[in-house]
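Student: only the shape, not the letters, is given here:
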């Protein structure tokens, strides 16, 4: 039981506070969304240590993730920027995101070999 309590943030770990979003998080998301085409938002739920996060995915599959102030904050952010918003736990992530990750992974292994 003690190990579980420590893992969940109690007993021995300092703080126990959930990390919330910052102005830098929101600024990064805004800049990403405004500088890329076809951006969609995928909301991820809060965890024991991190506030709700949002993953922005561009039409080419490039993506970024940052904290946001809850599901309502994510919805307001997406509405303000005029981008679609989805619950990542329900719809998952778009295939183009995985393809972009795969292409970057293959490209880095080719250049480092």
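Tutor: It's in. On a predicted model such as this, the values are computed, not experimentally measured, just so you know.
Student: tell me how far the spatially most central residue of the chain lies from residue 29.
Tutor: Closest to where the C-alpha atoms of the chain average out (CA atoms, centre = their mean) is residue 65, at 2.9 Å. Remark: distance between residue 65 and residue 29 (CB to CB, to the nearest Å) = 9 Å. Heads up, the C-betas are built off the backbone N, CA and C, glycines and all.
Student: need the overlap of contacts for the two.
Tutor: 54, 56 (CB atoms under 8 Å, 6 or more residues apart in numbering).
Student: so what's the nearest residue to residue 79 once chain neighbours are set aside bridging to?
Tutor: Distance criterion CB to CB, 6 or more residues apart in numbering; nearest residue to residue 79, sequence neighbours excluded, is residue 85 at 7.7 Å. With DSSP bridges as the criterion, residue 85 is bridged to residue 41.
Student: how about the contacts made by residue 85?
Tutor: With CB under 8 Å, 6+ apart, residue 85 has these contacts: 40-43, 54, 74-75, 78-79.
Student: next: residue 22.
Tutor: By CB under 8 Å, 6+ apart, the neighbours of residue 22 are residue 67.
Student: biggest helix in the chain by residues?
Tutor: Ranked by number of residues, the top helix in the chain under DSSP state H is helix 95-112.
Student: any idea of the mean pLDDT for it?
Tutor: Average pLDDT, helix 95-112: 82.
Student: need the contact partners of that helix.
Tutor: Contacts of helix 95-112 (CB under 8 Å, 6+ apart): 55, 57, 59-63.
Student: if we go by neighbour counts, what in it is buried?
Tutor: By 16 or more other CB atoms under 10 Å, the buried positions in helix 95-112 come out as 96-97, 100.
Student: now do the same end-to-end measure for stretch 34-46.
Tutor: 25 Å (CA to CA, to the nearest Å).
Student: what's in contact with it?
Tutor: Under CB under 8 Å, 6+ apart, the answer for stretch 34-46 is 18, 32-33, 52-60, 62, 65, 68, 70-71, 74-75, 77-78, 81, 83-89, 91, 93-94.
Student: select only the buried ones of the residues you listed in PyMOL?
Tutor: Buried residues within those, by 16+ other CB under 10 Å, are selected in PyMOL with:
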select buried, resi 32+33+52+53+54+55+56+57+58+62+68+70+71+74+77+78+83+85+86+93+94
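Student: all good on my end, thank you.
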